[in-house]
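Asks: compute the structure for the input listed below.
(one chain, ligands or ions: 1)
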Amino acid sequence: MSLVGMDDNFQQMLKCDVNSVRNNLMDICATQWHTNLSNFPKLRTYGTFKSTYSTETYIKLNLKRRERSVLAQFRCGILPLRLETGRFVGEPEYQQICRMCDSGNVENELHFLVECQFYNGLRNQLFSGLSVTVLNLNNSEKLNILLSEYSRKTARYLEQSLTKRRQHLYLNN
Ligand SMILES: [Zn+2]
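Replies: Have a look, this model is predicted:
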């Protein structure tokens, strides 16, 4: 009871409102979750778009197995991009440059989803039908809205771009 700030109810044997206990527990979980999130550098991209503690809408979408998987990996920052594999072998971030384009940018989630010119064709499909307001957002805002409002399109983009990336690396190595 002290965890949820209801010591008095216990001491004085008062009834407690189940809803307030539940709300208090949710608050504690959410706070804990935010604290944990900020302690994991690997989840830094995740932290920028996942700001509330709740079930993601994409879980409820009827996505293909592979699409759901790449979307989940992307959100958790474990998609096998240069940034991820580079960290695994201990490369410093500045060496984790995208090999798909000549931008010289680090191949992180943002670059992969909304910047890298190598995927322009697939990205045109991703952006087709989106409002001018969305198209005028800056890249991080675009990433946020794609993940929150257009999970299905984004999942398809990620799946196809990863395949394109894999084929390119296969042919050029
Ligand atoms: Zn690139």
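
Asks: go ahead and confirm Arg68 touches Ala155.
Replies: Yes. In this structure Arg68 lies within contact range of Ala155 using CB atoms under 8 Å: 6.7 Å. For glycine as for every other residue, the C-beta is placed from the backbone atoms N, C-alpha and C.

Asks: who has more neighbours, those two?
Replies: Ala155 (24 against 17; other CB atoms under 10 Å).

Asks: name the element Leu71 belongs to?
Replies: If you go by DSSP states H and E, Leu71 is part of helix 65-76.

Asks: next, the buried residues of that helix.
Replies: Residues of helix 65-76 classed as buried: 67-68, 70-75 (neighbour count, 16 or more other CB atoms under 10 Å).

Asks: mind giving me the domain ranges of the protein?
Replies: 7-39, 57-171 (automatic domain parsing).

Asks: and those, which is most packed in?
Replies: Of all those, domain 57-171 carries the top mean neighbour count, a mean of 16, counting by mean count of other CB atoms under 10 Å.

Asks: quick one: check that one for contact with the ion.
Replies: Yes. Residues of domain 57-171 contacting the ion under CB under 5 Å from the ion: 98, 100-101, 116.

Asks: any idea which of the residues you listed is the one closest to Glu109?
Replies: Distance to Glu109 across these (CB to CB) is lowest for Cys116, with 10.8 Å.

Asks: could you double-check that Arg75 sits in contact with Ser148?
Replies: No. Contact between Arg75 and Ser148 fails when scored by CB under 8 Å: they sit 10.6 Å apart.
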